[in-house]
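> below are the sequence and a predicted model for it; my questions follow.
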Amino acid sequence: MDRRGYTIIELIIVIAIMGILITLAVVNLRGSQANARDTERRGDVASIALNLENFYANGTAGSSTFGRYVSTSIIGQETTGLPDIDVRSLVAPGVNLTPNANGVSTSPTPDSSLIAATCSGVCVQTTAGVTPQPTTSTYVYQPLQADGTLCTNGTQDCRKFNIYFALENAAPDCPAPNNICMVTSKNQ
């Protein structure tokens, strides 16, 4: 028997195997991308927390105010209140910066992912109770006074802070169903 080509069955089997392998590759790629974005979120929040700790230790240039954290009034003025912060850490993965006149995205303030927590009275300090709830594109900053009330202006004595953020994939410190993590200040 002289055989010159493949049978239709052989071709279908090869195409089916290729389809399965491509599907597995796409699923693995999406998972890897989500993990990379989650790692970037963790890095962003760590950078913000480090700059807040630096503010606590040193205050601002030309100021004698130190030993407290910044209030929620910093929202929208992050680069002024925290001059050493990398502006890229203020923007969550997938959130675009607003381009300047030259078309370069350098000013994240209008699109900053850092938003202020809201509460009246003593604030809830849990991942389930913080308002607003963080999303994968927002980080929630909650500066607190010693009595647990929210610091909303620069004259208040902000003694600690919590930063809440959400991951795409659950982790031991950010359990499902919401995958929300919390970073607390060192000086509580």
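Alright, I've got the coordinates.

> packing partners for the longest helix seen in the chain?
The helix that spans the most residues within the chain, counting by DSSP state H, is helix 8-58. Packed against helix 8-58 by the contact rule (3 or more CB pairs under 8 Å, 6 or more residues apart in numbering; DSSP states H and E) you find strand 139-144, strand 160-166, strand 180-184. C-beta coordinates here come from the backbone N, C-alpha and C atoms, glycine included.

> go with 6 Å
If contacts are counted by 3 or more CB pairs under 6 Å, 6 or more residues apart in numbering; DSSP states H and E, helix 8-58 sits against strand 160-166.

> rounded mean pLDDT for the strand it packs on, please.
Mean pLDDT, strand 160-166: 95.

> hey, which helix or strand in the chain has the poorest pLDDT?
strand 105-107 (a mean of 49; mean pLDDT, DSSP states H and E).

> what pLDDT does the residue nearest to the spatial centre of the chain get?
The residue lying closest to the centre of the chain (CA atoms, centre = their mean) is R41, at 3.9 Å. In this model, R41 is scored at 95, pLDDT.

> show me what contacts it?
F165 (CB atoms under 6 Å, 6 or more residues apart in numbering).
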